[in-house]
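Student: Okay, structure incoming, though there's no sequence with it:
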């Protein structure tokens with residue numbers, strides 16, 4: 001893995017909050033790195049949805065609390081959450097206490113289990129969209145990065161059709177960046193050519 005030092009001499013994407021070591025580590029060690037781990041793919045899909053209307057730093061700062069609250073992102077457990085568990089989650093200050101987002105995570109776990117039965121999981125499903133290879137963009141700066149693309153539109157529709165929630169095209173494009181399907185590190189970032 002790359003160093004997660006917040007050394008400002010290391011060129012990074014402009015969106016990185018250098019004052020937050022977790023943010024620097026996320027940029028340097030995860031964002032744009034191709035991910036094939038089912039648990040992390042499921043986690044990031046839900047965290048990107050939880051971010052809707054909020055800043056990524058809000059979610060990043062609550063990430064460990066999310067892992068604890070949602071049983072380490074065990075989809076089989078989450079799919080069986082009942083009203084008592086939902087009430088417990090909505091009282092948990094460590095996560096975003098939004099009823100729709102909590103319900104979406106449960107629905108997403110159920111949709112994920114169906115997808116896993118049908119095609120083997122998120123890994124084969126998602127990476128088939130890019131023939132197993134990350135898209136390397138060459139934008140000069142993050143200001144040139146679109147909020148969504150034709151590919152994220154298609155993937156969003158497919159996920160939605162399969163029962164996933166909080167998977168609009170903008171959320172899906174952020175997800176694609178987070179899991180390395182797309183490398184949108186700016187050209188002057190030290191991770192641009194490394195694929196994360």
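Tutor: Okay, I see it. The shown structure was predicted, so the numbers you read here are calculated from the model rather than taken from an experiment. Numbering: from 1, shown residues only.
Student: So residue 166, which state does it fall into?
Tutor: coil (DSSP: H, G, I helix; E, B strand; the rest coil).
Student: what's the neighbour count on it?
Tutor: Around residue 166 sit 23 other residues, with neighbours defined as other CB atoms under 10 Å. (Glycine included, C-beta is placed from N, CA and C.)
Student: and what of residue 137?
Tutor: Residue 137 has 18 neighbours, counted by other CB under 10 Å.
Student: Repeat that for residue 140.
Tutor: The local packing of residue 140 (other CB under 10 Å) involves 9 other residues.
Student: Correct me if wrong: it contacts residue 185.
Tutor: No: contact status for residue 140 versus residue 185: not in contact, 11.5 Å apart, counting by CB atoms under 8 Å.
Student: where do the helices sit along this structure?
Tutor: Remark: helices assigned in the chain by DSSP state H are 21-29, 38-51, 56-61, 63-69, 75-78, 83-90, 99-119, 122-127, 150-161, 169-178.
Student: Below-threshold pLDDT in the protein: ranges please.
Tutor: Along the chain, segments meeting pLDDT under 70 span 1-7, 194-196.
Student: Burial-wise, tell me which of the helices of the chain comes out on top.
Tutor: helix 169-178 (a mean of 23; mean count of other CB atoms under 10 Å).
Student: now the angle from that one to helix 150-161?
Tutor: Here the directions of helix 169-178 and helix 150-161 differ by 110 degrees (axes from the mean of the first three to the mean of the last three CA atoms, to 10 degrees).
Student: hmm, who's touching helix 169-178?
Tutor: If you take CB atoms under 8 Å, 6 or more residues apart in numbering as the criterion, helix 169-178 is touched by 30-32, 44-45, 48-49, 51-52, 146-149, 151-153, 155-156, 159, 182, 184.
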